[in-house]
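A.B. asks: What shape does this take:
(one chain, ligands or ions: 1)
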Amino acid sequence: MATILDDISRTFSEYLLIPRLTRKGQRPDQIDLSTPLSAVEGNNAARFSINIPVVSACMQSVSGTRLAVALARQGGLSFIYCSQAIETQAEMVRLVKSHKAGFVQSDSNTTKTESLEGVLALMGRTGHSTVPVTHDGTASGKLEGIITDKDFWEFEDDLTRSVGEHMTPIEEVIFGREGISLREANQLLHKHKKDCLPILDDKGHLTALVFKKDYEDHRRHPLELLDESKRLCVGAAVNTHDYQQRVPALLQAGADVFCFDSSDGFNEYQLDGIRWIREQYGNDIVIGGGNVVSAEGFDFLVQEGGADFVKVGIGGGSICITREQKGIGRGQASALLEVVKRRDEYHAETGRYIPICSDGGLANDTQVVVALAMGADFVMMGRYFAMTEESPTPKTSINGQMYKPYWGEGTRRAQNWQRYSEDMSTRDLKFEEGVDAYVPLVGTTAEVLDTTLFKLRGTMINVGADSLAEFREQAVLTLVSEQSVIEAGTSNVFQFNSGRIVDDNSWGNPN
Ligand code: MZP
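C.D. replies: Next up, the predicted model:
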């Protein structure tokens, strides 16, 4: 007969943290959010750590190069998705590794003959107000001028006129020469009171742009995740089909960390994969396994395989319908609590500490906080990052509101890449485990993380913790009743929404 667990499957929203003693002098800016990503042996330092406990999901609609750069600059890490050909994934890794902090490749360019109307549309699409004018309209063409939204008035000027008539011509553009340091570039920006400095090679071709706002951003966010050569760090996802070719290519491209991307990692194919990687590269390589939702899944990947970290979560993702389609999965809180308990036992038995990643289903900042309190060392999120400016999908206006497409890796759309890959035969997808959706655009990665991490630090102080390790040791959580969830919202007050009074539905009526 099947085993029926006594516990029901619980989610993060069913738990609350009880405050512990806050000590005098605890301050948000002194809270340490760094966390290991590789197994920690005894008292040794982790081979790889991140500066904030957040990574982005191995998904086409999430972890592209722009997001990977933006997140690493904040101290987190992206896992570039493996649902693409090996060469394109390696190229994406290479692009992140070659990103020179502060020097960006221009992704909005135009030509002298383009109309103002055309450049206005380009500015609208990309959100950029400074557009280099090059001889061929590319990011590496010969620079002929710069046009910004201050060079013309949308409702006063004739928008059929050309860019060439309104731009600042090259003779008047302040620019830097290739090879200039970031510090020198910023000094030029400061001296000439400019917002943007184009960098040109000796033939006058554009190679990069340096923005004043990036300089300010860097000063505000000093947690950048850099390797020993001061390059940004990036992770890469791998699959169980072609890891023997993919891992070497990604290593050569400079990937810092790897993880298997699978909705169910408790399988022998993944075990073979982790073992093969260990045999080839020993302990030099950081490799995560998953996803699992039970103690036996943890033991399988760690004890038998030697995984560095373990990802937890099946079926909780915002775009995931695995539980409905296949009847497998587990409430994310129950899954995480069981795996963390087993991790702690394993740590006590062996002296090896295995970081746990809570992957998917984090619906808001509170749930990020609860997941870390429950023992996750870091969280992986898809929807959260799909909603940012830097996710790789185009902005789309629907009823006046800006959205971005977001789709699961188990959708036909995501799996379609295999049809164009020579490496794999077409797999017949009989049903989808994910959906194709839209999410609202909420801002830049820096902005959303700023809010989330500010809240996290605040709660850590409520619990008297200065580090994530202290946070999970000191955390006391309680289950909440339906009635206490109602109590947690507003009660017996009216709120204004778009100029109208809205009843909060709880005036003497808890339903
Ligand atoms: P979320 O942050 O959007 O809630 O969830 C992201 C996570 O959902 C991913 O990291 C991955 O584990 C999972 N995922 C991705 N695609 C699918 C799918 O198509 C999925 N079912 O479940």
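
A.B. asks: did I read that right, residue 379 in a strand?
C.D. replies: Yes. Membership of residue 379 in a strand is supported by DSSP: H, G, I helix; E, B strand; the rest coil.

A.B. asks: From the ligand, how far out is it?
C.D. replies: Distance from residue 379 to the ligand, counting by Cβ to the nearest ligand atom, to the nearest Å: 9 Å. The way it works is simple: take the backbone N, C-alpha and C, and place the C-beta from them, glycine included.

A.B. asks: Apart from its neighbours in sequence, what residue is nearest that residue?
C.D. replies: residue 358 (4.9 Å; Cβ to Cβ, 6 or more residues apart in numbering).

A.B. asks: Can you tell me the SS state at the one you found?
C.D. replies: Per three-state DSSP, residue 358 ends up strand.

A.B. asks: same check, this time on the one 10 residues further on
C.D. replies: Under the three-state scheme (three-state DSSP), the conformation of residue 368 reads as helix.

A.B. asks: ok, back up a step: pLDDT wise, what is the residue nearest to residue 379 at?
C.D. replies: With respect to pLDDT, residue 358 scores 98.

A.B. asks: mind listing what it touches?
C.D. replies: 312-313, 332, 336, 371, 374, 376, 378-380 (Cβ atoms under 8 Å, 6 or more residues apart in numbering).

A.B. asks: who's it bridged to?
C.D. replies: Here residue 358 sits in beta bridges with residue 312, residue 379, as judged by DSSP bridges.

A.B. asks: now it: how far from the ligand?
C.D. replies: Counting by Cβ to the nearest ligand atom, the gap from residue 358 to the ligand is 10 Å.

A.B. asks: What of residue 413?
C.D. replies: For residue 413, the distance to the ligand - Cβ to the nearest ligand atom - is 10 Å.

A.B. asks: do the same with residue 153
C.D. replies: Residue 153 is 42 Å from the ligand, where distance means Cβ to the nearest ligand atom.

A.B. asks: Which secondary structure state is assigned to that residue?
C.D. replies: coil.

A.B. asks: so where's the protein uncertain?
C.D. replies: Applying pLDDT under 70 to the chain flags the ranges 101, 217-218, 220, 419-428, 498, 502-511.

A.B. asks: how about the helices of the stretch 51-200 of the chain, start to end?
C.D. replies: 65-74, 86-98, 116-126, 163-166, 182-191 (DSSP state H, counting those that start in this stretch).

A.B. asks: of all of the stretch 51-200 of the chain, which residue lies closest to the ligand?
C.D. replies: residue 57 (3.2 Å; Cβ to the nearest ligand atom).

A.B. asks: OK, contacts around that residue?
C.D. replies: 63, 79, 317, 359-360, 380-382, 385.

A.B. asks: So which bits of the stretch 1-150 of the chain are right by the ligand?
C.D. replies: 57, 59 (Cβ under 6 Å from any ligand atom).

A.B. asks: same thing but at 8 Å, please
C.D. replies: By Cβ under 8 Å from any ligand atom, the residues of the stretch 1-150 of the chain that approach the ligand are 57-59, 62.

A.B. asks: Turn these into JSON lines, columns for distance to residue 147.
C.D. replies: Supplementary listing: those in JSON lines, determined by distance: Cβ to Cβ, whole Å:
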{"residue": "57", "distance to residue 147": "37"}
{"residue": "58", "distance to residue 147": "38"}
{"residue": "59", "distance to residue 147": "35"}
{"residue": "62", "distance to residue 147": "32"}
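
A.B. asks: So of these, which two are at opposite extremes in space?
C.D. replies: Greatest spacing in those, by Cβ to Cβ: 58 and 62 (7.9 Å).
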